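**Student:** no sequence on this one, just coordinates:
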């Protein structure tokens, strides 16, 4: 399968470029003793990233009395996780908001969904005592494979996504029948080729599976449920209707009950509202 995916990806002419700063940032983020100075220096090397971090850190939400003028100061005053999310969102958007073939996916809709899934996955990870930063990152990148399939299959993929407009497991299965693999496998494999770690690539690769294996079982379930919450927000699904096989399987792994979904959804909506300006999504 990996060799087949390699050949497929290598045959795509308009492939997203590897975000080298993002790969290095995630590697630094995962170190047991984080080198904050190294992370700050890495961010400073990208002026547009620095500007975004400062813009978000000085937003009305944080209510800073004195403006923040440096990335290190932002880490100190609003917290490392906030700065990390800002950087991941900025860098991830460069891959996910690419304008390609006119017959490709609606990139704005795809970005809104990815951003919502990232925020939801972060909230679920916090509830489940998993790593919020990794969950947010994997949630943001979970549909990267759709960009690759669109570039490879052009208008044919656009027709498929219109047929399965709500995405989800049905689209994943249709892709597998037509191309030999779905967007989840394609996205996870591309991220592996870029050098991202397994605890991000595996949740992306397996976010439509119904069961998972250790050591990535829980983080896969977090991202899967974050994706479901994002679809639910788009389709206005009440909390009591999260009863699909995917949702129930993820909740079982994370030891969440149906009653937990209402508070999780409210926390996710609050996070989405708080980050609306950063993520470029509509706050409900």
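**Tutor:** Arrived safely. Just so you know, these numbers come straight off a predicted model, no measurement behind them.
**Student:** Angles on the backbone of residue 143, please.
**Tutor:** Backbone torsions for residue 143, taken as degrees, to the nearest 10, come to phi -110, psi 20.
**Student:** For residue 64, grab the count of nearby residues.
**Tutor:** Neighbour count of residue 64, defined by other CB atoms under 10 Å: 15. C-betas here are computed from N, CA, C, even on glycine.
**Student:** what's around the residue nearest to it when sequence neighbours are not counted, how many residues?
**Tutor:** Distance criterion CB to CB, 6 or more residues apart in numbering; nearest residue to residue 64, sequence neighbours excluded, is residue 58 at 6.0 Å. Using other CB under 10 Å, residue 58 is surrounded by 18 other residues.
**Student:** repeat for residue 212
**Tutor:** Neighbours around residue 212, by other CB under 10 Å: 20.
**Student:** my guess is it contacts residue 225, does it?
**Tutor:** No. Counting by CB atoms under 8 Å, residue 212 stays clear of residue 225, with 11.8 Å between them.
**Student:** and the residue nearest to residue 64, what is it in contact with?
**Tutor:** Residue 58 is in contact with 64, 67, 68, counting by CB atoms under 8 Å, 6 or more residues apart in numbering.
**Student:** Which of those residues sits closest to residue 81?
**Tutor:** Distance to residue 81 across these (CB to CB) is lowest for residue 68, with 15.7 Å.
**Student:** From residue 50, how far out is that closest one?
**Tutor:** 11 Å (CB to CB, to the nearest Å).
**Student:** Ok, residue 28 next?
**Tutor:** As judged by CB to CB, residue 28 and residue 50 stand 16 Å apart.
**Student:** Surely residue 173 touches residue 181?
**Tutor:** No. The criterion here is CB under 8 Å, and residue 173 misses it with residue 181 at 11.0 Å.
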